[in-house]
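K.L.:
here you go, sequence then predicted model.
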Amino acid sequence: MDVDEREQGEEGLGARERAVLALERRSFAGPGAKERAIRERLGLAPVRYYQLLNALLDDRRALEHDPVTVNRLRRVRDARRAER
């Protein structure tokens with residue numbers, strides 16, 4: 001069992017998932033600021049971060065943890081998909 005599994009327990013989100021949602025609640029000034037924060041705070045490549053984020057948007061636990069952020073991001077994702 002790794003640290004993430006111990007921290008999330010049976011039903012909750014792990015520390016990394018909570019950190020991803022917390023980062024999405026913030027606003028960033030200037031181009032590249034968010035990508036820099038992703039690398040520095042989470043130690044992830046931006047591509048991997050967005051993969052995790054997209055999976056979180058479909059995770060019931062994420063919705064329970066932060067419904068405002070998850071619902072906002074789902075609306076953005078759905079609007080982008082509709083543009084295609």
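P.N.:
Structure received.
K.L.:
who are the packing partners of the longest helix along the chain?
P.N.:
If each helix of the chain is counted by residues according to DSSP state H, the longest one is helix 67-83. Here helix 67-83 touches helix 15-25, helix 46-56, helix 60-65, going by 3 or more C-beta pairs under 8 Å, 6 or more residues apart in numbering; DSSP states H and E. Where C-beta positions appear, they are placed from N, C-alpha and C, glycine not excepted.
K.L.:
what residues does that helix touch?
P.N.:
21, 24-25, 53-54, 56-57, 62-63 (C-beta atoms under 8 Å, 6 or more residues apart in numbering).
K.L.:
could I get the helices and strands packed on helix 67-83 in TSV, plus columns for mean neighbour count?
P.N.:
Output for the helices and strands packed on helix 67-83, formatted as TSV (neighbours: other C-beta atoms under 10 Å):
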stretch	mean neighbour count
helix 15-25	17
helix 46-56	15
helix 60-65	15
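K.L.:
I'd like these laid out as JSON lines, including mean pLDDT and distance to residue 31.
P.N.:
Converted to JSON lines, the helices and strands packed on helix 67-83 look like this (pLDDT from 0 to 100; distance: least, C-beta to C-beta, whole Å):
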{"stretch": "helix 15-25", "mean pLDDT": "97", "distance to residue 31": "17"}
{"stretch": "helix 46-56", "mean pLDDT": "97", "distance to residue 31": "13"}
{"stretch": "helix 60-65", "mean pLDDT": "97", "distance to residue 31": "27"}
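K.L.:
relative to residue 37, which of those helices is closest?
P.N.:
helix 15-25 (6.4 Å; C-beta to C-beta).
K.L.:
starting at the chain centroid, how far to that closest one?
P.N.:
5 Å (C-alpha atoms, centre = their mean, to the nearest Å).
K.L.:
if we can go back for a sec, for the helices and strands packed on helix 67-83, give me a markdown table that also has distance to residue 73.
P.N.:
Rendered in a markdown table, the data for the helices and strands packed on helix 67-83 read as follows (distance: least, C-beta to C-beta, whole Å):
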| stretch | distance to residue 73 |
| --- | --- |
| helix 15-25 | 6 |
| helix 46-56 | 7 |
| helix 60-65 | 9 |
